[in-house]
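S.K.: Below is the structure, and that's it, no one-letter string:
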């Protein structure tokens, strides 16, 4: 029996109309290095209309792809609105991809136009000659004349192009199941893989972000989106802000601890989101340069597991709760949320904040063991996490054969390894490829890292498996010591001796200036392993 | 371009699985008159499975309709879960319908089975012989033997039927666009009209209920659902509770102020929802029997406009904010929410709480004037409210010609009349059929009622238009005086003299013991008009 309810409506176009009309006075606040430039959502709506008119004039029709190569700023926000709302597909290019990957994704998505920030022109210019489908480049926040492009590509100034355009656009009706935006993930081996979010999945995910037990984003919020708009849609914050009328603070290219601290002082956001390394660095900065950040009602941390020491530091030193979330590009990304339940207080509540959290309605999960069997939720059985749901990917864009390692019988195989408690809290212990297999047992690299990072002299610690004749693999710990502190490998091993099982205690240690990071700020263990196999690490064998 | 995201999933079945597994220990608490009986969501899941098995055994297949004729209790909750999750359609029968309407809706929906509460058996029994499609009646919370049914109908005991059934059910995959539940609205003239909610519309609406700027329902809540489960799905609370793991307090048949006060004292819910008359009555009770109700973080009031005096009383006397919402059966029902924006404080914030609120993303609104033109949002232009969106009805069930008075070009014509402010806040001034047309001008019956109800001696006031030779119509005020108080018509007219325009001041007044109410607790102006035209009101003409 058919229902009598209306269908459709879950489109970026309805979000844009809603945000710019009902929440007309909410603001997009972009940091400039010395201060902030502000525009209202009404103005964002107008700018989006101008951009859509401009793109139409450049020949963008149907579901063609328009790339962005930009920081988090108002112009990127206009692109987030205009491109999907006009029926085209927004492709956020990750500015930290390796050159050949950048060329690959632009060609694979067949980007027709690329919007680029002035400061990123040099990075893009070198690869433009290899981008086969790009016909126009639009330079925002900078001088278009500085871009030397091949003859086949026209270069435009963002401001110049928009100045001539009307501030309204007849946003078309769009099928909510069609693609709205694309993001390539470079986490797996081989070429980057594209996830094409639908209008519907973006809508549902935005509602989740605004739910009280989700990220709790509300009209009363001023949300600092540190997580890049070229990484998993900035965890859904731009569209959630439009949906609910939260003001958005965008740091542009000012992502170091000092400017972030200045943004916090100047704008006093109520909410912020970013990867652990951002908060680790800020925490170090704040220790040396104290500042009240209690205007933050909550900080969301995801992308990698937040070390307990970080969660503890934010709560105790700054009075700011850290909310840990888990997700990936393929899950839009919000997949689980570590919000302690009503029954918990004190130490129990604290322990729950250390987990990756519980799955919201809409994300169904299971744990799969080595031989494909489903494992119980007993907080002990460790297996691969698989998920499914309306904001989870079913396949990759333009990959003819479905990758059976990633998609299996309607489930996304996350590549994350962990356990689930009887009341549904997920604790990830590793990426499946980072697990250390020692004498037939598994050692979690993440648990070792967290134990070592609990030491006050340690800024960062990354653990990889290294070949071992007797045990197949053993852990190697790469340690970054806090400025002005000293610590030895033996001291660190003693420090963690009562925190991990004896047979897991690492005998290989190395001290490095910094842990290599991926384009999205996670520990890059592939590079760490390469450094080790090339003999570039100075190793202490205890 | 197709997205790569998963489709489907937005079904009551996924909500049930999520609630009973992830939030297994949250509770359904049913008031018994002297105390509460409690079951966990895990148990609700088991009961739902038993009920689904029992219904299958009785021959329920496909999308057949199963009716409920029940109070708010755990057995009704099991029906809410089991019937849609098994692919059938839940039809909540309004126990307060007139007998011929009750027969009409059961026959129109072709109900195969009806679940009935023991205390409601006498009410149902009289009409059963006229219900042509009903084959089975299941009696919960009472003795099945008391029901004298026609030979064609088998009578079962709920407990007996479920006792034999397994506590698991292989919930089928269901198309999220198919009907999950039906609710007939008797608000319009003619036969009641059925709204068939889809699984998808229920899902989206539940997310809205759980959004921070929606009803803010969270896992930490214990929500008292006074609004009946046979009225617009209890405003979405049962499914929202499953979605987020909020415990639910259900008052069963104990809806008078005294038992509600006892439920509040015993269970200390954090949240409650009901029509204004419930809260008016409770407020009078609490004035005579003081009790701390500040455990309520918020009370949601809808169904009719909440008088400012009520909102004021709850805030000042009990420290409980009232959140006014607007909606109707056709809007699932959440259509607008009076949550003051961040920019407002003090008197401005208070005034915003008196409005019907702002439209959430997902509800698009417009105002239409007398000659079909769209009116501006200037807080002055008054017209009919029309809405559309993914949880708004597109038509009525089984009505072959779409009712053009209700559905027009993709919009639902609400029959509500009001104005909208530039920042999107709706103020309803009347139902279109209740507006008093006096000398070519419109007088809002609701504004007059609110003005009169501001007087401390007035418990309730309802205003209808009565024929007048000179002005076509003039307002008649029906007043219920608070117990132990006295007031005259002249005193009341003087009291409101500075609150409404002089030409609107009513000259017709009547004092009544109570204002007649509709089945859902709203002022029944149709009956008041009938009482007047039959000369049954004692009218003072000033």
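M.R.: Everything's here; your move. Bear in mind the structure is a predicted one, so any value in this text is a computation, not a measurement. Numbering: from 1, shown residues only, chains lettered A, B, ... in the order given.

S.K.: Report the residue spans of the stretch 401-542 of chain A with pLDDT below the cut-off.
M.R.: Within the stretch 401-542 of chain A, the stretches falling below the threshold (pLDDT under 70) are A:401-404, A:519-521.

S.K.: in it, which spans are strands?
M.R.: Secondary structure of the stretch 401-542 of chain A, counting by DSSP state E, counting those that start in this stretch: strands at A:407-408, A:411-420, A:425-431, A:436-438, A:441-443, A:458-468, A:472-481, A:508-511, A:539-541.

S.K.: Those residues of the stretch 1-150 of chain A touching chain B, which are they?
M.R.: A:1-10, A:14-15, A:17-19, A:21-22, A:24-25, A:63, A:89 (Cβ under 8 Å from any Cβ of the partner chain). Every residue, glycine included, has its C-beta placed from N, CA and C.

S.K.: I'd like to know which of those are buried.
M.R.: Among the residues of the stretch 1-150 of chain A next to chain B, those classed as buried by 16 or more other Cβ atoms under 10 Å in any protein chain shown are A:1, A:3-6, A:8-10, A:14-15, A:17-19, A:21-22, A:24, A:63, A:89.

S.K.: Which ones among the residues you listed lie within strands?
M.R.: Using DSSP state E, the members of those that fall in strands are residue A:89.

S.K.: Now stretch A:308-316: buried residues?
M.R.: Using 16+ other Cβ under 10 Å, the residues of stretch A:308-316 that count as buried are A:308, A:309, A:310, A:311, A:313, A:314.

S.K.: Pipe those residues into CSV and attach distance to residue A:454 per row.
M.R.: Output for those, formatted as CSV (distance: Cβ to Cβ, whole Å):
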residue, distance to residue A:454
A:308, 7
A:309, 5
A:310, 10
A:311, 11
A:313, 11
A:314, 15
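
S.K.: Go through those and name the one nearest residue B:247.
M.R.: When the buried residues of stretch A:308-316 are ranked by distance to residue B:247 (Cβ to Cβ), residue A:311 comes first, at 27.7 Å.

S.K.: how about the residues of the stretch 201-350 of chain A near chain B?
M.R.: Residues of the stretch 201-350 of chain A lying close to chain B by Cβ under 8 Å from any Cβ are A:201, A:204, A:206-208, A:210-213, A:216-220, A:242-245, A:332, A:339, A:341-343.

S.K.: And the buried ones among those, selectable in ChimeraX?
M.R.: Of those, the buried ones go into a single ChimeraX selection, burial set by 16+ other Cβ under 10 Å:
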select /A:201,204,206,207,208,210,211,212,213,216,217,218,219,220,242,243,244,245,332,339,341,342
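
S.K.: What pairs with the lowest-mean-pLDDT helix or strand in chain A, parallel or antiparallel?
M.R.: In chain A, the helix or strand scored least confidently by mean pLDDT, DSSP states H and E is strand A:441-443, which has a mean of 80. Paired with strand A:441-443 in the same sheet, following DSSP bridges, are strand A:436-438 (antiparallel).

S.K.: contact partners of the strand it pairs with?
M.R.: Residues lying outside strand A:436-438 but in contact with it, judged by Cβ atoms under 8 Å, 6 or more residues apart in numbering or on different chains, are A:442-445, A:463-465, A:468, A:471-475, A:503-504.

S.K.: C-terminal to the helix or strand encompassing residue A:314, what's the next element?
M.R.: If you go by DSSP states H and E, residue A:314 is part of helix A:308-318. Once the chain leaves helix A:308-318, the next helix or strand it forms, by DSSP H and E, is strand A:322-327.

S.K.: Only the buried residues of that next one, if you could.
M.R.: Of the residues in strand A:322-327, those buried by neighbour count under the rule 16+ other Cβ under 10 Å are A:322, A:323, A:324, A:325, A:326, A:327.

S.K.: Name the spans of the stretch 151-300 of chain A whose pLDDT lies under the cut-off.
M.R.: A:187-189.
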